[in-house]
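>>> 3D model of this:
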Amino acid sequence: MNDLKAYKKDLKSLFASQHTGVLATQQDGQPYTSLVAFASSEDLKDLFFATMRATRKFANLSPDSRVAMLIDNRSNIPSDFQWAMGVTVTGRAEELADPEKQTSLTAYLAKHPHLEDFVSSPGCAFLRIRVDTYYVVTRFQKVVEIHVRS
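Numbers count the residues shown, from 1 in each chain. Here you go, the predicted structure:
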């Protein structure tokens with residue numbers, strides 16, 4: 001197990017440079033993935049994303065709130081095997097309500113101002129992933145496991 005403090009700078013840099021991640025939910029044991037725009041909390045204990053309530057990903061969260069999200073900085077070139085960084089985040093997703101929603105939404109919109117109309121629509125849900133674990137992969141095979149919540 002590794003300490004989040006030791007990787008905070010690298011994780012913040014990766015999260016600042018990437019606007020989307022691949023969110024994995026599941027329905028009856030079948031994985032389902034979606035691209036989502038995300039933002040992180042300052043302490044990296046939470047990630048945030050928005051989705052319409054009518055989506056499959058939102059429906060999948062009702063019976064099972066467990067999720068995984070992949071965030072990486074690959075360029076699809078051979079040197080990615082040496083230099084790309086990928087992070088798998090595991091945790092549970094939950095819809096936020098006011099006033100907690102407003103604080104997190106402000107940070108989300110600072111990163112994604114073009115999504116203001118989307119997140120303001122009545123059918124949109126704003127969600128938080130309470131991070132349990134970060135799996136950080138660098139140099140193709142170096143894997144570090146960081147437990148945030150037990």
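>>> roughly how far does the closest residue in space to Asp3 that isn't next to it in sequence sit from Asp72?
Once flanking residues are discounted, Asp3 sits nearest to Ile146: 7.2 Å by Cβ to Cβ, 6 or more residues apart in numbering. C-beta coordinates here come from the backbone N, C-alpha and C atoms, glycine included. Using Cβ to Cβ, to the nearest Å, Ile146 is found at 16 Å from Asp72.
>>> comparing the two, which shows the higher neighbour count?
Using other Cβ atoms under 10 Å, the more surrounded residue of Ile146 and Asp72 is Ile146, with 22 against 16.
>>> avg pLDDT for the helix or strand harbouring that one?
Following DSSP states H and E, one finds Ile146 within strand 142-147. Average pLDDT, strand 142-147: 89.
>>> just checking, what packs against it?
With contacts taken as 3 or more Cβ pairs under 8 Å, 6 or more residues apart in numbering; DSSP states H and E, strand 142-147 sits against helix 4-17, strand 124-138.
>>> would you map the helices across this structure?
4-17, 56-61, 80-83, 100-111, 116-120 (DSSP state H).
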